[in-house]
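Visitor: quick one, structure for this:
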Amino acid sequence: MTVGNARYAAVAAITSYKPIEKPLDFSETPSQELFGQNVFHDAVMRARLPKPIYKAVQRTIKSGAVLDAQAADAVATAMKDWAIEKGATHYAHVFYPLTGATAQKHDSFLSPDGNGGAIAEFSGNQLIQGEPDASSFPSGGLRTTFEARGYTAWDVTSPAYILENPNGTTLCIPTAYCSWTGEALDKKTPLLRSMQVLNVQAKRILKLFGNDSPGRVIPTAGAEQEYFLIDRNFFYSRPDLVVTGRTLFGAPMPKGQEQEANYFGVIPERVLAFMLEAERELYKLGVPVKTRHNEVAPSQFELAPVFENANVATDHQHLVMITLQRVANKYGMACLMHEKPFAGVNGSGKHLNWSLGTDSANLLEPGETPHENAQFLVFCTAVIRAVHKYSDLLRASIAHAGNDHRLGANEAPPAILSIFLGEQLTDVYEQLEKGPARKSKKPGTLTIGVDTLPDLPRHAGDRNRTSPFAFTGNKFEFRAVGSSQSIAGPLVILNTIVAESLDYMATELEKATKGNPKNFNAAVQKLIQKIIKEHKAIIFNGDNYADAWHAEAEKRGLPNLRNTAEVMAAVGKKEHADVLSKYGVLSKREFESRNEIYTEKYVAEITTEALCALEITKTMFLPAAYRYQDLLASTAVSLEALGKKADIRSLDKVTRLISELEDRIDVLEQAVTAEVKGGVVKHALHCRNKVFPALLAARESSDALEAIVADDLWPLPTYLEMLFIK
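Guide: Prediction:
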């Protein structure tokens, strides 16, 4: 079969697609009965644990009290019995190493009984601690290769769950992961530390407002997940997608996302079937998915959950990505999480909605008169100060090779971090900068002008889709997070820098009101006024895409770190290490190790893309182009032999492009194999400044060839095929 025929066979297979299995009967079990059925959640614990043990577990979850060995044994026994009833044969400590992926080691419940049989065992010690090999995960120099010991530690605040497989089930236990020396080797440990310090500092503020027992203050999160779906036949026909997660080549389509025709459009039947089953699986796991819709680009979609405890939300985000990819495979599709799998259409993000609250109150809820809500203004001001003071550290939390393709394009926020507050809050802060705030702009109503349609309540301010960090009612939306990354990193930095701001504000207010609580209101107003004057440069409500904003941001002194290499060269500042180590979130060694790991990952990803591009251009594109060149040359010779004048313009163009591509392949090969001295940051800058431009140049020539080489000779599925044939 020729290459072209193989492509056409893939298209034929897709257009004659039939479901792999019988459709699910959604009326058989209502969704509300499915929700959480595979989770060892509060209701299950209440039913299965002795009352004193249940109360001890709740104290641990809600207030951080230590769980003793006896209670852990009781929980382990109940968890094992529950899991075995659901068909589990193994348990797994699930953790999140610095690879960015989910890791797990499965152990059987069964142990020989000494009499030729076996018994199911699971002790408190086995629940609390596991010991996976730590030598093969990234440590950034914290551990040498021959030192292998590492530990997983049960995270009681994130519920265990059952992961189903056609041939059985596994009890999955969320855990933190650290080295033998106690240093964090994962994403969960610093997240839990950051939540702990944020709780401490937030409670100091609440105490100043007269709330001595607010309970635990918890950051909450809800991450919208964007992704692409393409047919699996196309996916496996594209080595670049298989190896790197994105298309390194692809000529522009005659039709893309013009007129935003895809956005919120009717969801294709096959895709909707996939979505329904993915949601059903997530419901079982207690993931509160709420929204689904078509996104802007063709074959792009979004799923969004409701708010949860930030730690649980992070664990659930990993489950969302795993579930989407697993269920897509069942429907003959590939789910692409890369930030920019296709050039020329919108990429994918993971908007991270973040707030802060107690069991009874959202601390970022402004109310109807925010100018009178001093507590809200203090917490909101702390966020403004934090994002401005540590904007480059927050920028680093979303820096990686995939996100470099998105940030700054007219589809995602720019690399310059700024805060959108909206009309109402901006007006309140402008009043506070000059003196007391005496009014808040009212939301009002929206009259549409059709008698049969009701008047609609209108928000006091519009939304701004170009802002990287926007206040949206009672939360902030960090829109610059990449679709493939864990939300743990951005949450760690956001929690920590906000905690530092709350610490600063609490200290200032405590000093100002010491011995005289009557000074409190005046002290709050004076402090907010001071902070706004110092940090208002971060507030911007306009078009973040505009060139004028980039010039204005430079005048304001806002950093513009355009890519990951620049970020990693700038992130190792003393104040960054200091703020993380001061609050025990990351020690200096842990911080430096992570910077090294993420920089090495960037180098590895760019290098892998370059090597993959070299293989594709040499073994697929050039042979196809030479075949077409030979066809054109043979045709010209045949015409001349018949006494006809041959038009060789296409032959000349193909010959020129082949020569150009050969030259650019040489340049790319030299760039990727060059010896780079001076450390990993220097290597990252080399990748960005030499390897990546050479890769783009090779793509330019290859894409130009794709546009003119005979379709039946071109070896790879095209953008038009992948994005529009479902």
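
Visitor: going forward, measure contacts and count neighbours with C-alpha atoms only.
Guide: Fine.

Visitor: who are the packing partners of the helix or strand containing residue 328?
Guide: Under the criterion of DSSP states H and E, residue 328 resides in helix 310-330. Packing partners of helix 310-330 (3 or more C-alpha pairs under 8 Å, 6 or more residues apart in numbering; DSSP states H and E): helix 188-208, strand 218-223, helix 269-284, strand 333-336, helix 488-513.

Visitor: the same query, at a cut-off of 7 Å, please.
Guide: Counting by 3 or more C-alpha pairs under 7 Å, 6 or more residues apart in numbering; DSSP states H and E, the packing neighbours recorded for helix 310-330 are strand 218-223, helix 269-284, strand 333-336.

Visitor: and the angle from that helix to strand 218-223?
Guide: Between helix 310-330 and strand 218-223, the angle formed by their directions is 20 degrees, by axes from the mean of the first three to the mean of the last three C-alpha atoms, to 10 degrees.

Visitor: hang on, the earlier thing: which of the helices and strands packed on helix 310-330 is buried the deepest?
Guide: Comparing those by mean neighbour count (mean count of other C-alpha atoms under 10 Å), strand 218-223 comes out on top with a mean of 26.

Visitor: name the strands paired with it and say parallel or antiparallel.
Guide: Applying DSSP bridges, strand 218-223 is found paired with strand 308-309 (antiparallel), strand 352-357 (antiparallel).

Visitor: and residue 466, which of those is closest to it?
Guide: Among the strands paired with strand 218-223, the nearest to residue 466 by C-alpha to C-alpha is strand 352-357 (14.5 Å).

Visitor: ok, and what's touching the helix or strand following that closest one?
Guide: Next helix or strand after strand 352-357 toward the C-terminus (DSSP H and E): helix 374-389. With C-alpha atoms under 7 Å, 6 or more residues apart in numbering as the test, helix 374-389 has contacts from 363, 364, 365, 366, 497, 498, 501, 502, 528, 531, 535, 538.

Visitor: repeat that for 8 Å
Guide: Helix 374-389 has contacts (C-alpha atoms under 8 Å, 6 or more residues apart in numbering) with 206, 209, 363-366, 370-371, 394, 417-419, 494, 497-498, 500-502, 505, 524, 528, 531-532, 535-539.

Visitor: on that earlier part again, reformat the strands paired with strand 218-223 as JSON lines; add distance to residue 652, mean pLDDT and mean neighbour count.
Guide: Shown next, in JSON lines, are those (distance: least, C-alpha to C-alpha, whole Å; pLDDT from 0 to 100; neighbours: other C-alpha atoms under 10 Å):
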{"stretch": "strand 308-309", "distance to residue 652": "61", "mean pLDDT": "95", "mean neighbour count": "20"}
{"stretch": "strand 352-357", "distance to residue 652": "51", "mean pLDDT": "96", "mean neighbour count": "23"}
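
Visitor: make JSON lines out of those and add distance to residue 583.
Guide: Formatted as JSON lines, those follow (distance: least, C-alpha to C-alpha, whole Å):
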{"stretch": "strand 308-309", "distance to residue 583": "20"}
{"stretch": "strand 352-357", "distance to residue 583": "18"}
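
Visitor: picking that back up, quick one: average pLDDT of the helix holding residue 328?
Guide: Across helix 310-330, pLDDT averages out at 96.

Visitor: run through who's touching it.
Guide: Identification of contacts with helix 310-330 by C-alpha under 8 Å, 6+ apart yields 20, 101-102, 157-158, 174, 188, 191-192, 218-223, 229, 232, 274, 277-278, 281-282, 287, 307, 334-337, 486-488, 491.

Visitor: for that helix, list every residue counted as buried.
Guide: Across helix 310-330, burial judged by 16 or more other C-alpha atoms under 10 Å covers 310-321, 323-325, 327-328.

Visitor: what does stretch 111-122 give?
Guide: By 16+ other C-alpha under 10 Å, the buried positions in stretch 111-122 come out as 120, 122.

Visitor: start and end of it, how far apart?
Guide: Start and end residues of stretch 111-122 are separated by 10 Å (C-alpha to C-alpha, to the nearest Å).

Visitor: again, but for stretch 367-382
Guide: Using C-alpha to C-alpha, one end of stretch 367-382 lies 18 Å from the other.

Visitor: cool, thanks, talk later.
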